[in-house]
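In: this one's structure only:
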């Protein structure tokens, strides 16, 4: 098996695999890079995880995820910021353990409206404040914080950062160690997406590019409606060319939240997603 | 029963009511205005519908809905444009039959990607072309075409117009008889929404203001997740003040797609929604 050299399997695509299992199927599929999630790292501890990564010879393309910045001042917010600092350290350790070309990138999900709150503007300001507070810590750890805009259908309950343009604004305000994730699933609908990809590139802020497809009808749990590239409505050609033209040269992750995909053998999923990437995304790469 | 003088019951809120039944519950709830849908008008014919409206003494705040402009050139597209011309005539007739202060406003939903297509840009250009073709017809009928941005989660299958800013751009390009709908459910998440409401007002393009709430979790059919104002996550104060400040003085419709709401007695729904409007939206009105 061989895979495109820039393809990275995000661990969420094989959600129920342990880190060891995810590494095994990634390597067996000829994939050179992996996007790691914090939960399976925590399951075995950071030291064991970095050893597994170092022994694997794989690159690490990102660590998912921290963030959840929208809680008002107080104990819970301080705990969230502490957790983000731990995640920054984990990101640095895992990237250092990965093969050359690994990216010390921590993906951040903003968090939704606090329970009972309708103050969207206030929640967004707290995200800005948190990024400003964390940026110096990330900079000194050599880690890039990657703000991920989530699709606007998640604005109430998951992420108050809803557009790529908004994510770029936040990154620019916070400082040089903050960038953005361009995830096709979350941004494909945006009339400004090409202009904002160009802008993110010009400002040197594209920290991660993730591909997955938009399926219809949406499933009962909309969180799980993501599809393998090519199975849905997204034009990966246009978006991938735009990200390339914007100067992004890093690994490209495929991250699929989908109950059907999760129920299948990990090795089969890794091969299928890699083949889809080769067919749908790779032809647009320089 | 009395209702706020600017409150209008959109017929979709009592989806299974005939026009006669919808008029009855609207009047019984003391509501002065109704937003009419084309299907219940077609069920009895336009002549009978205009007589019912004239006899009711109610204002007509809009006719829902036409549009569906994204089909490529050919028979189906010509049929869609013909249907829009018929809808324009219906709008003029119903508004003329309504009480003083009725609005000859036709709500337009853009349509989704054609089957099998991933050309979002092309679909959006066809919306622009269709609006340009229909504007003179609307102008001569004295009708305002109101482009409704639908929430981005509907971009693939229902409406490729996804933001208020994009709707305003389309309206401005098409000519003076094209405006926009501001629907809280569809635009509340948008980081640019206040700027765009101000812009729409400055350009004289707010043709309709609709209120309904965003509930979580989204139901299995996301089309039916709309809530009575106050039951969800939307700050109606901020959005309503912005629409008021932008100079909108027309009726304000409550349009709720929700299977639970639809299953209840029409009269009860009309009263509950009117009371919610009085409680949540009316305090912000000048």
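Out: Sure, I can see it. The model shown is predicted, which means the values in this text are computed figures rather than measured ones.

In: Check the burial of residue A:275 by counting its neighbours.
Out: 17 (other C-beta atoms under 10 Å in any protein chain shown). Every residue, glycine included, has its C-beta placed from N, CA and C.

In: If you count contacts, what does the helix or strand where it lies end up packed against?
Out: For residue A:275, the element it lies in under DSSP states H and E is helix A:266-276. If contacts are counted by 3 or more C-beta pairs under 8 Å, 6 or more residues apart in numbering or on different chains; DSSP states H and E, helix A:266-276 sits against strand A:7-10, helix A:19-28.

In: Kindly state the distance between the middle of that helix and the middle of its chain.
Out: In this view, helix A:266-276 has its centroid 19 Å away from the chain centroid, taken as C-alpha atoms, centre = their mean, to the nearest Å.

In: and it, which residues are buried?
Out: For helix A:266-276, burial by neighbour count (16 or more other C-beta atoms under 10 Å in any protein chain shown) applies to A:266-267, A:269-271, A:273-276.

In: Could you tell me the average pLDDT over that helix, please?
Out: When pLDDT is averaged along helix A:266-276, the result is 97.

In: Can you pull up the residues of chain A that come close to chain B?
Out: A:113, A:118-121, A:124, A:151-153, A:155-157, A:162-163, A:165-166, A:188-191, A:214, A:216-218, A:220-222, A:232-235, A:238 (C-beta under 8 Å from any C-beta of the partner chain).

In: From chain B, how far off is residue A:275?
Out: According to C-beta to the nearest C-beta, to the nearest Å, residue A:275 stands 19 Å off from chain B.

In: and that residue, what does it touch?
Out: Listed by C-beta atoms under 8 Å, 6 or more residues apart in numbering or on different chains, residue A:275 has no contact partners.

In: Repeat that for residue A:183.
Out: Taking C-beta under 8 Å, 6+ apart as the test, what residue A:183 contacts is A:148-149, A:208-212, A:255.

In: Out of those residues, grab the one that's most surrounded.
Out: residue A:212 (30 neighbours).

In: That one against residue A:187, yeah?
Out: No - Residue A:212 is beyond contact range of residue A:187, at 11.6 Å (criterion: C-beta atoms under 8 Å).

In: what about the residue of the stretch 1-150 of chain A found nearest chain B, which SS state?
Out: Residue of the stretch 1-150 of chain A nearest chain B, by C-beta to the nearest C-beta: residue A:118 (4.2 Å). Following DSSP: H, G, I helix; E, B strand; the rest coil, the label given to residue A:118 is coil.

In: Counting neighbours, what do you get for it?
Out: 21.

In: pLDDT value on the residue lying closest to residue A:12 once chain neighbours are set aside, please?
Out: Using C-beta to C-beta, 6 or more residues apart in numbering or on different chains and skipping residues adjacent in sequence, the residue nearest residue A:12 is residue A:255, 5.0 Å away. Residue A:255 is assigned 95 on the pLDDT scale.

In: Report the separation between residue A:255 and residue B:38.
Out: 42 Å (C-beta to C-beta, to the nearest Å).

In: who touches residue A:252 in this structure?
Out: A:6-8, A:209-211, A:240, A:277, A:281, A:285 are the contacts of residue A:252 under C-beta under 8 Å, 6+ apart.

In: give me that answer again for 7 Å
Out: A:6-8, A:209, A:211, A:281 (C-beta atoms under 7 Å, 6 or more residues apart in numbering or on different chains).

In: what's the answer for residue A:40, then?
Out: A:11, A:18-19, A:22.

In: And it, how far from residue A:63?
Out: With C-beta to C-beta as the criterion, residue A:40 and residue A:63 are 11 Å apart.

In: Repeat that for residue A:120.
Out: Taking C-beta to C-beta, one finds residue A:120 at 28 Å from residue A:63.

In: of those two, who's got more company?
Out: More crowded of residue A:120 and residue A:63, by other C-beta under 10 Å: residue A:63, with 27 against 24.

In: buried sites along stretch A:273-286?
Out: A:273-277, A:280-282, A:285.

In: Quick check: end-to-end length of it?
Out: Stretch A:273-286 stretches 20 Å from its first residue to its last (C-alpha to C-alpha, to the nearest Å).

In: And that stretch, how far out from the chain middle?
Out: 18 Å.

In: One more: stretch A:32-43?
Out: With C-alpha atoms, centre = their mean, you get 12 Å for stretch A:32-43.

In: so which of the contacts of residue A:183 comes closest to residue B:178?
Out: Nearest to residue B:178 among these is residue A:149, at 29.7 Å by C-beta to C-beta.

In: Setting aside sequence neighbours, what's the nearest residue to that closest one?
Out: residue A:167 (4.4 Å).

In: wait, isn't the one you found in contact with residue A:178?
Out: No - if you go by C-beta atoms under 7 Å, residue A:167 and residue A:178 don't touch, sitting 9.4 Å apart.

In: now the helices for the stretch 151-286 of chain A?
Out: Taking DSSP state H, counting those that start in this stretch as the test, the helices found in the stretch 151-286 of chain A are A:164-174, A:184-187, A:193-202, A:236-245, A:259-262, A:266-276.

In: Looking at the ones you listed, which is nearest to residue B:94?
Out: Closest among the helices of the stretch 151-286 of chain A, once you apply C-beta to C-beta, is helix A:193-202, at 38.6 Å.

In: I'd like to check what contacts that closest one. Which residues are they?
Out: Against helix A:193-202 from outside (C-beta under 7 Å, 6+ apart): A:164-165, A:168, A:180, A:182, A:187, A:206, A:242-243, A:246-248.

In: For residue A:259, list the residues it contacts.
Out: residue A:224.

In: Next: residue A:108.
Out: Going by C-beta under 7 Å, 6+ apart, the list of residues near residue A:108 reads A:65-67, A:145-148.

In: Most neighbours of all the residues you listed, which one?
Out: Ranking those using other C-beta under 10 Å puts residue A:145 first, with 30 neighbours.

In: In contact with it, which residues?
Out: A:106, A:108, A:131, A:134-135, A:138, A:177-178.

In: Using TSV, lay out these together with pLDDT, secondary structure and distance to residue B:91.
Out: Listed next are those as TSV, based on pLDDT from 0 to 100; DSSP: H, G, I helix; E, B strand; the rest coil; distance: C-beta to C-beta, whole Å:
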residue	pLDDT	secondary structure	distance to residue B:91
A:106	98	strand	53
A:108	98	strand	47
A:131	98	helix	48
A:134	98	helix	53
A:135	98	helix	53
A:138	98	helix	56
A:177	98	coil	55
A:178	98	strand	49
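
In: Of those residues, grab the buried ones for PyMOL.
Out: To isolate the buried ones among those in PyMOL, judged by 16+ other C-beta under 10 Å, type:
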select buried, chain A and resi 106+108+131+134+135+138+177+178
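
In: Is it possible to get a markdown table of the contacts of residue A:145 that adds distance to residue A:27?
Out: As requested, the contacts of residue A:145 are exported to a markdown table (distance: C-beta to C-beta, whole Å):
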| residue | distance to residue A:27 |
| --- | --- |
| A:106 | 24 |
| A:108 | 28 |
| A:131 | 35 |
| A:134 | 33 |
| A:135 | 35 |
| A:138 | 30 |
| A:177 | 31 |
| A:178 | 32 |
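
In: Tell me which of the contacts of residue A:108 fall in helices.
Out: Applying DSSP state H to those, no entry is found in helices.

In: could I get the residues you listed as CSV with distance to residue B:57?
Out: Converted to CSV, these look like this (distance: C-beta to C-beta, whole Å):
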residue, distance to residue B:57
A:65, 58
A:66, 59
A:67, 55
A:145, 60
A:146, 59
A:147, 54
A:148, 53
